[in-house]
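> What follows is a protein structure lacking sequence information:
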């Protein structure tokens, strides 16, 4: 069954480069609101730099930026600081961020939410979807399991065209020196 046009959708966005191609794909069918909740990104200057890049996106969308509070994320993940990239720490990070996204969707009366995280070839889609499904169940909203991996190359093209800053790591303090470009 096809979704009706202009479905109201809250979409957790990890960064403007990933959001660019997703915005291009989804905006014709969805009334999008991006949620920027990424307390995993450190230091604060890196967080602010990534946040500022959203202003360069040309397609119309609504935007919600959560308050930057990395202490809660650190407390939630610090026991997993020695975990390898892609392991249990990443699962906890996805759990933390998508729990917030689902709660925000429920509070703002969005029937559905999703995330741009699946665009990255460096993220485990099953980990992302596991976190999204658990959060959706907890807050009684629907998690849309998007697989945006086919849009990765387009996000690179759009980043170049729009002059978007493409970060070299996921943002996590513990992965800064080990994340692939």
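Cool, got the structure. Please read these numbers as outputs of a predicted model, since none were measured by experiment.

> three-state assignment of residue 67?
Per DSSP: H, G, I helix; E, B strand; the rest coil, the local secondary structure of residue 67 is coil.

> just checking, what's the longest helix in the chain?
helix 88-107 (DSSP state H).

> any residues touching that one, and which ones?
The contact list for helix 88-107, computed with Cβ atoms under 8 Å, 6 or more residues apart in numbering, reads 10, 12, 35, 37-40, 64, 66, 72-73, 76-77, 80-81, 83, 110-113, 115, 117, 123-124, 127-128, 130-132, 134-136, 138-141, 143, 172, 174-175. C-beta here means a position set from N, CA and C on the backbone, and glycine is covered the same way.

> Restricted to helices, list the residues you listed.
Going by DSSP H, the helices hold 72-73, 76-77, 127-128, 130-132, 134-136, 138-139 from the contacts of helix 88-107.

> Now distance to residue 6, neighbour count and pLDDT too, for those, in CSV please.
Shown next, in CSV, are those (distance: Cβ to Cβ, whole Å; neighbours: other Cβ atoms under 10 Å; pLDDT from 0 to 100):
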residue, distance to residue 6, neighbour count, pLDDT
72, 34, 11, 94
73, 33, 22, 93
76, 35, 17, 90
77, 37, 23, 90
127, 30, 19, 97
128, 25, 26, 98
130, 29, 15, 98
131, 27, 25, 98
132, 22, 28, 98
134, 28, 16, 98
135, 24, 26, 98
136, 21, 23, 98
138, 27, 12, 98
139, 23, 17, 98
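
> Distance to residue 16 for those - can I get that in a markdown table?
Listed next are the ones in helices among the contacts of helix 88-107 as a markdown table, based on distance: Cβ to Cβ, whole Å:
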| residue | distance to residue 16 |
| --- | --- |
| 72 | 23 |
| 73 | 20 |
| 76 | 25 |
| 77 | 24 |
| 127 | 23 |
| 128 | 19 |
| 130 | 26 |
| 131 | 22 |
| 132 | 21 |
| 134 | 27 |
| 135 | 23 |
| 136 | 25 |
| 138 | 28 |
| 139 | 26 |
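
> tilt between the longest helix of the chain and helix 125-139?
Put simply, helix 88-107 runs at 40 degrees to helix 125-139, going by axes from the mean of the first three to the mean of the last three Cα atoms, to 10 degrees.
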